[in-house]
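Engineer: What follows is a predicted protein model with its sequence.
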Amino acid sequence: MKDTPYTDPNYKSQLGHNVQFWVGVVVGYEHQKEQLSNGNDWRYKVRIIGDHSDVDQVDEKDLSYASVLLSTDAGSGAAYKLRSARISQGDTVYGIRGPYIPTLIIGVEPRKRSTILHSGGKFKTLSGFYESLTNNNILSGEFNEQLGPATPGGAPYTKTKTEREPATEKLNELGIDPTQEGIVENVNEQITPPKGDITEDWSPGDHLSTDKLFDIQEKTKNKESPGRILFAAATQAVIQGIIEEETSKKLKEEANQATNEEKVSNSSYTVAGIEYDTATGLPFTYVDAAGNKYTSEDLERLNTSSEDTVDPGGTFRDGDYIPPGFEDATTIDQIFENPNEGT
């Protein structure tokens with residue numbers, strides 16, 4: 001077996017020859033801006049203990065880079081399988097190097113709640129926050145331990161992750177019996193919330209999903225829904241974070257085009273059984289004997305102008321339209337206020 005090549009590659013091969021382990025600290029990001037913004041590979045400038053000291057004259061901008069050897073669950077990027085390297089300035093990292101391999105970072109030492117941040121010294125532990133990455137205090141500290149940091153207003157963890165109680169209440173909410181033995185059947189169906197009917201009429205402010213948004217778009221193209229509904233949905237979708245601003249802009253262009261076509265071809269449209277005037281977006285509230293339809297705006301104009309030749313009759317009282325023949329009627333509100341009226 002000794003004469004068989006490569007039976008012990010770590011010991012025999014050139015790749016494993018004279019491999020050294022090292023420990024160092026990632027220097028401040030201000031000294032590696034070009035790499036962080038434009039560089040390739042995952043690389044960080046590291047001050048390596050032993051190669052450098054607290055009293056040397058090597059400036060941090062002149063330090064060499066160390067590449068990150070990612071774990072298998074981070075992925076190489078092939079088939080879009082990838083996760084970012086989670087290394088921050090001031091982190092203590094461990095690595096290897098050798099005559100035939102580059103200087104590689106193979107791990108990062110987790111910070112502890114007792115870790116003290118420093119702004120001075122060659123091997124200082126800096127805060128991980130830098131420039132646009134600001135500390136918004138969503139956690140109680142920059143550390144990673146079995147008893148993790150607490151959220152604002154919450155009590156710190158007092159049990160390790162292995163000692164915490166199972167989330168039986170949450171399982172019950174999902175319809176899963178936590179006492180059931182064996183494999184849970186049809187788990188996807190049980191934990192998936194029921195979906196609403198996306199073909200139902202939608203109004204601004206209602207729940208909006210991606211499927212519903214594109215249902216509205218399709219209905220607008222088929223002239224089954226007015227352009228103003230698509231415009232409102234495109235606006236709300238950006239606020240909800242469903243689509244980007246650029247997509248919303250394109251949908252609004254489609255909505256405006258549909259609205260212009262509606263004004264030319266249709267004088268009205270119907271939503272949820274209510275007919276609306278295309279020009280104003282107001283519902284029709286009155287139809288006269290000749291079949292003419294009027295919105296509240298039309299009726300108010302006719303009630304205050306003598307130049308119009310069409311008079312549907314009726315009047316306005318406290319902003320409400322009273323149809324012809326009901327001007328002297330007693331309203332239900334008046335009856336409740338004075339039970340003797342109308343009897």
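Structural biologist: Right, received. Where do you want to start? From a predicted model like this one, the values you see are computed outputs, not experimental measurements.
Engineer: Give me the next element, helix or strand, following the helix or strand hosting Glu275.
Structural biologist: Per DSSP states H and E: Glu275 is located in strand 274-277. Per DSSP H and E, strand 274-277 leads on to strand 284-287 as the next helix or strand towards the C-terminus.
Engineer: roughly how far out does that following strand sit from the chain middle?
Structural biologist: Relative to the centre of its chain, strand 284-287 is centred 43 Å away, using C-alpha atoms, centre = their mean, to the nearest Å.
Engineer: Okay, buried residues for that strand please.
Structural biologist: With burial defined by 16 or more other C-beta atoms under 10 Å, the residues of strand 284-287 counted as buried are Phe284, Thr285, Tyr286. Yep, even glycine has a C-beta here, placed from its N, CA and C like the rest.
Engineer: again with stretch 92-104
Structural biologist: In stretch 92-104, counting by 16+ other C-beta under 10 Å, buried: Thr92, Val93, Gly95, Ile96, Arg97, Ile101, Thr103, Leu104.
Engineer: what ranges do the strands span in the protein?
Structural biologist: Secondary structure of the chain (DSSP state E): strands located at 20-26, 43-48, 65-68, 92-98, 101-108, 268-271, 274-277, 284-287, 293-295, 315-317, 320-322.
Engineer: With distance to Gln257 and mean pLDDT added, can I get these in CSV?
Structural biologist: CSV is the format used below for the strands of the chain (distance: least, C-beta to C-beta, whole Å; pLDDT from 0 to 100):
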stretch, distance to Gln257, mean pLDDT
strand 20-26, 53, 95
strand 43-48, 49, 94
strand 65-68, 50, 95
strand 92-98, 56, 95
strand 101-108, 54, 94
strand 268-271, 15, 72
strand 274-277, 19, 78
strand 284-287, 25, 77
strand 293-295, 24, 78
strand 315-317, 37, 66
strand 320-322, 34, 66
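Engineer: deepest of the ones you listed, which one?
Structural biologist: Of the strands of the chain, the one with the most neighbours on average (mean count of other C-beta atoms under 10 Å) is strand 43-48, at a mean of 21.
Engineer: neighbouring strands for it, and are they parallel or not?
Structural biologist: Partner strands and pairing direction for strand 43-48 (DSSP bridges) are strand 20-26 (antiparallel), strand 65-68 (antiparallel).
Engineer: ok and the first one relative to strand 92-98, angle-wise?
Structural biologist: If you take axes from the mean of the first three to the mean of the last three C-alpha atoms, to 10 degrees, strand 20-26 sits at 140 degrees to strand 92-98.
Engineer: Need the contact partners of strand 20-26.
Structural biologist: With contact meaning C-beta atoms under 8 Å, 6 or more residues apart in numbering, strand 20-26 is reached by 44-51, 66, 87-98, 103, 123-125.
Engineer: what does the last one give?
Structural biologist: With contact meaning C-beta under 8 Å, 6+ apart, strand 65-68 is reached by 24, 32, 35, 41-46, 85, 87, 93, 95, 102-105.
Engineer: Please repeat the previous calculation with a cut-off of 7 Å.
Structural biologist: The contact list for strand 65-68 (C-beta atoms under 7 Å, 6 or more residues apart in numbering) reads 35, 41-46, 85, 87, 95, 102-105.
Engineer: With stretch 115-132 instead?
Structural biologist: Val25, Gly28, Tyr29, Arg47, His52, Asp54, Ser88, Gln89, Gly90, Asn135, Glu142, Phe143.
Engineer: tell me the contacts of the fourth one?
Structural biologist: Okay, so that is Arg47. Applying C-beta under 7 Å, 6+ apart, the residues near Arg47 are Gly24, Val25, Val27, Leu63, Lys122, Phe123.
Engineer: One more: the fifth one?
Structural biologist: Contact analysis of His52 by C-beta under 7 Å, 6+ apart lists Val58, Lys122.
Engineer: would you list the contacts of strand 65-68 in a markdown table and tack on distance to Ala234?
Structural biologist: Shown next, in a markdown table, are the contacts of strand 65-68 (distance: C-beta to C-beta, whole Å):
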| residue | distance to Ala234 |
| --- | --- |
| Gln35 | 39 |
| Asp41 | 40 |
| Trp42 | 38 |
| Arg43 | 42 |
| Tyr44 | 42 |
| Lys45 | 45 |
| Val46 | 48 |
| Ala85 | 37 |
| Ile87 | 40 |
| Gly95 | 50 |
| Pro102 | 50 |
| Thr103 | 51 |
| Leu104 | 48 |
| Ile105 | 45 |
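Engineer: nearest to Thr192, of those?
Structural biologist: Ala85 (33.4 Å; C-beta to C-beta).
Engineer: Which residues are in contact with that closest one?
Structural biologist: Counting by C-beta under 7 Å, 6+ apart, Ala85 touches Trp42, Val68, Leu70.
Engineer: can you rerun that using 6 Å?
Structural biologist: Trp42, Val68 (C-beta atoms under 6 Å, 6 or more residues apart in numbering).
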